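Give me coordinates for this.
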Amino acid sequence: MKNGNGTLLTIAELRLGEKAIIDSFTDLEVSLKLLEMGCLPGEIIQVNNIAPFGDPIAISVGGYVLGLRKAEASSVIVKSINEK
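Take a look at the predicted model:
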């Protein structure tokens, strides 16, 4: 998905080491939990580790590491900042 400012993906679609900026959420219940943990729109995240079958995914956000299930990561829309 592309908007005027770059490519929009979900955290689940990012590769190891990729950085992105949180844009929005698709699941209200999950978004409330993530907002309380500091995953705010505009925050830069980085994928630190992905388990062998893709679940869970470890991301850095706000100075700490957070583990997300693939379903949770799929509900967070981000804008890739690794584009050239």
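
make it CA atoms for all contacts and neighbour counts henceforth
Noted.

so Gly54 sits in a strand?
No - Gly54 sits outside any strand when classified using DSSP: H, G, I helix; E, B strand; the rest coil, being coil.

tally of neighbours for it?
As a burial measure, Gly54 scores 11 neighbours (other Cα atoms under 10 Å).

got the contact list for it?
Residues near Gly54 by Cα atoms under 8 Å, 6 or more residues apart in numbering: Lys70.

Double-check Leu21 against Cys39; I have them as touching.
No, residue 21 isn't Leu; it's Ile. No - assessed by Cα atoms under 8 Å, Ile21 is found out of contact with Cys39, at 9.9 Å.

Nearest residue to the spatially most central residue of the chain in space, ignoring adjacent ones along the chain?
By Cα atoms, centre = their mean, the chain has its centre lying nearest to Ile11, at 3.4 Å. For Ile11, ignoring the flanking residues on the chain, the nearest one in space by Cα to Cα, 6 or more residues apart in numbering is Ala73 at 5.0 Å.

which residues sit in contact with that neighbour?
Thr10, Ile11, Ala12, Ile57.

measure the closest residue to Arg69 other than its chain neighbours to Ser74 for me?
Residue nearest to Arg69 in three dimensions, not counting chain neighbours: Pro56, with 4.6 Å by Cα to Cα, 6+ apart. Remark: distance between Pro56 and Ser74 (Cα to Cα, to the nearest Å) = 11 Å.

which intervals of the protein have sub-threshold pLDDT?
Scanning the chain with the threshold set as pLDDT under 70 gives 1-6, 82-84.

Okay, strands next: where are they in it?
Assigned strands in the chain, in chain order: 2-3, 6-10, 19-25, 44-50, 57-61, 64-68, 76-80 (criterion: DSSP state E).

so which of the ones you listed comes closest to Ser31?
For Ser31, the closest of these is strand 19-25, at 5.9 Å, according to Cα to Cα.

Now do the closest one: distance to the chain's middle.
Strand 19-25 sits 6 Å away from the centroid of its parent chain (Cα atoms, centre = their mean, to the nearest Å).
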